[in-house]
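Engineer: Have a look; sequence and predicted model below, questions after that.
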There are 2 protein chains.
Amino acid sequence: MKETKLGDFEETLLLLVGILDKEAYAFKIAEEFESQTQRAVSIGAVHSTLNRLSEKGFLTSEMGEATAERGGRRKRIYSITAHGERVLKESRDFKLSLWNQYPAFATGKLNFIFE
Amino acid sequence: MKETKLGDFEETLLLLVGILDKEAYAFKIAEEFESQTQRAVSIGAVHSTLNRLSEKGFLTSEMGEATAERGGRRKRIYSITAHGERVLKESRDFKLSLWNQYPAFATGKLNFIFE
DNA sequence: ATTATTACTTACTAAAAAGTAGAACATATA
DNA sequence: TATATGTTCTACTTTTTAGTAAGTAATAAT
């Protein structure tokens, strides 16, 4: 296990970036994480993880437009790179494959995903 | 993120134990890992990870019968605990759910797994 | 006997992931 | 102007995961 890969929390955040699309900025990501997992996260943990993901080349980001809302500091909008998407996909395929081989999980329903 | 959970390598090994069933002993697990991932692992890494998984309550094990093969030291056979299976299942469900929400991945094919 | 092979065990180290703390900034409202 | 709100940033610490090293054991083959 040498290559740069994804931790669990990292993978979740990466996916949330993909899900949130144009709304993928740290605060929103943190909120979404909490609502999807019922677990608390500190915003700092999210920021440092997003940084790590960027350094690893899985994410890029750019500053969004200034908003005229209260607290309207400009948001940094994240998006998944091609590399990030590829790694995510590989990770998914590998897991689907394993689950499928484990009798306790194999519903037979995942088979045709590998059509 | 406080609760005891699974690292990536741990999750893979846990699943391999489930897949290998009666053949789930460290050496075989290491071989299977290499064949399924095309990555090398050291047997020591596998042993220490299996230990960790046992301490966390995800696995149990017992010594198998002595075999009359060359190098026939008794094997320690691992199996997944109910707790291990539950955690594995939760992890799977959560991931399936996220993948399904990410447009780049959503084939629509995973939907009905949550029927 | 000696060596090769299949295995386990344990204590340790290294690396990576996760989380914390504290500061800063922009805007709106009171 | 002072305060609340929504937000980013980064250096640092802690915790967890992954991996190494070195030894032990049992058996078969030479």
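Structural biologist: All right, it came through fine.

Engineer: Just checking the helix ranked longest in chain A against DNA strand C, any contact.
Structural biologist: With secondary structure taken from DSSP state H, chain A has its longest helix at helix A:82-101. No: Helix A:82-101 lies apart from DNA strand C when judged by C-beta under 7 Å from any atom of the strand; the minimum separation is 11.0 Å. No exception for glycine: its C-beta is placed from N, CA and C like everyone else's.

Engineer: Tell me which residues of that helix come out buried.
Structural biologist: A:84-85, A:87-88, A:91-92, A:95-96, A:98-101 (16 or more other C-beta atoms under 10 Å in any protein chain shown).

Engineer: and what of stretch A:34-51?
Structural biologist: Under 16+ other C-beta under 10 Å, the buried positions of stretch A:34-51 are A:36, A:41, A:46, A:49-50.

Engineer: can you tell me which of those are up against chain B?
Structural biologist: With C-beta under 8 Å from any C-beta of the partner chain as the criterion, the buried residues of stretch A:34-51 include A:36, A:41 near chain B.

Engineer: how about the buried residues of stretch A:34-51 in TSV, adding pLDDT?
Structural biologist: Below are those laid out as TSV (pLDDT from 0 to 100):
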residue	pLDDT
A:36	96
A:41	95
A:46	98
A:49	97
A:50	98
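
Engineer: Strands along chain A, start to end?
Structural biologist: Counting by DSSP state E, chain A has strands at residues A:59-63, A:76-80.

Engineer: quick one: average pLDDT of the last one?
Structural biologist: What that stands for is strand A:76-80. Averaged across strand A:76-80, pLDDT comes to 97.

Engineer: before we move on, back to that, quick one, which of the strands of chain A is nearest to chain B?
Structural biologist: strand A:76-80 (7.9 Å; C-beta to the nearest C-beta).

Engineer: mind listing what that closest one pairs with, with the direction of each?
Structural biologist: strand A:59-63 (antiparallel) (DSSP bridges).

Engineer: Mind listing residues that contact the partner strand?
Structural biologist: Contacts of strand A:59-63 with the rest of the structure, by C-beta atoms under 8 Å, 6 or more residues apart in numbering or on different chains, involve A:14, A:17, A:50, A:53-54, A:74-81, A:84.

Engineer: For the closest residue to DNA strand D within chain A, give me phi and psi.
Structural biologist: Residue of chain A nearest DNA strand D, by C-beta to the nearest atom of the strand: residue A:71 (2.1 Å). The phi/psi pair for residue A:71 (degrees, to the nearest 10) reads phi 70, psi 20.

Engineer: From residue A:41, how far out is it?
Structural biologist: 20 Å (C-beta to C-beta, to the nearest Å).

Engineer: related to what we said a few turns ago, may I see the strands of chain A organised as a markdown table, with mean neighbour count added?
Structural biologist: What follows is the strands of chain A, written out as a markdown table (neighbours: other C-beta atoms under 10 Å in any protein chain shown):
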| stretch | mean neighbour count |
| --- | --- |
| strand A:59-63 | 15 |
| strand A:76-80 | 20 |
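
Engineer: who touches the nearest residue to residue A:66 once chain neighbours are set aside in this structure?
Structural biologist: Closest residue to residue A:66 apart from its sequence neighbours, by C-beta to C-beta, 6 or more residues apart in numbering or on different chains: residue A:74 at 5.3 Å. Each residue near residue A:74 by C-beta under 8 Å, 6+ apart is listed here: A:63-67.

Engineer: Could you find the closest non-adjacent residue to residue A:75?
Structural biologist: Going by C-beta to C-beta, 6+ apart, residue A:75 has residue A:25 as its nearest residue, at 3.9 Å.
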